[in-house]
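[1] Okay, here's the prediction I keep looking at, along with the sequence it came from:
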Amino acid sequence: LLDVIKDEEALPEEVLLALADMRATGLLGGNLKDVTSVVTGLGRRGLWAEALALFTDAVGAGRVDAVLATAAVAACEKGSQWEAAVALLAAVPRHPASSSSLPGPGSWRGGG
């Protein structure tokens, strides 16, 4: 199922079906790297709302890092959803264990 989400040629409908199957079977529960891969795959297809929902679940479970946060921001950017990107960054817990792994507001740079 993860291979479908990572496959750049997979249609959005196929990705959504794979995501539903992963949720139903509990395959997204334990591995932060897999969650990040799914958020990235959703973002690549413009499925920002689904990516944001998955990120929000990870935040609620206390399982978020800078890589996942960046993938979620990128998914929102792909969908031109900057307000959602700002809101998700505000939702990331700020405590000593996470503050060192997440970039501060001054480290985010626009442009290329």
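    Arrived safely, thanks for sending. Numbering: from 1, shown residues only.

[2] Pull the contacting residues for residue 42.
    5, 15, 19, 48, 50, 51, 54, 75 (CB atoms under 8 Å, 6 or more residues apart in numbering). Where you see a C-beta, it was placed from the backbone N, CA and C, and this is true even at glycine.

[3] Ignoring the adjacent residues along the chain, who's closest to it?
    Once flanking residues are discounted, residue 42 sits nearest to residue 51: 3.9 Å by CB to CB, 6 or more residues apart in numbering.

[4] Quickly find the element holding that neighbour.
    In this structure, residue 51 sits in helix 48-60 according to DSSP states H and E.

[5] Which elements pack onto that helix?
    When contacts are defined as 3 or more CB pairs under 8 Å, 6 or more residues apart in numbering; DSSP states H and E, helix 48-60 packs onto helix 12-25, helix 32-44, helix 66-78, helix 82-91.

[6] can you pull the contacts of the residue nearest to residue 81 when sequence neighbours are not counted?
    The shortest distance from residue 81 to any non-neighbouring residue, by CB to CB, 6+ apart, is to residue 48 (5.2 Å). Counting by CB under 8 Å, 6+ apart, residue 48 touches 42, 75, 76, 78, 79, 81, 84.
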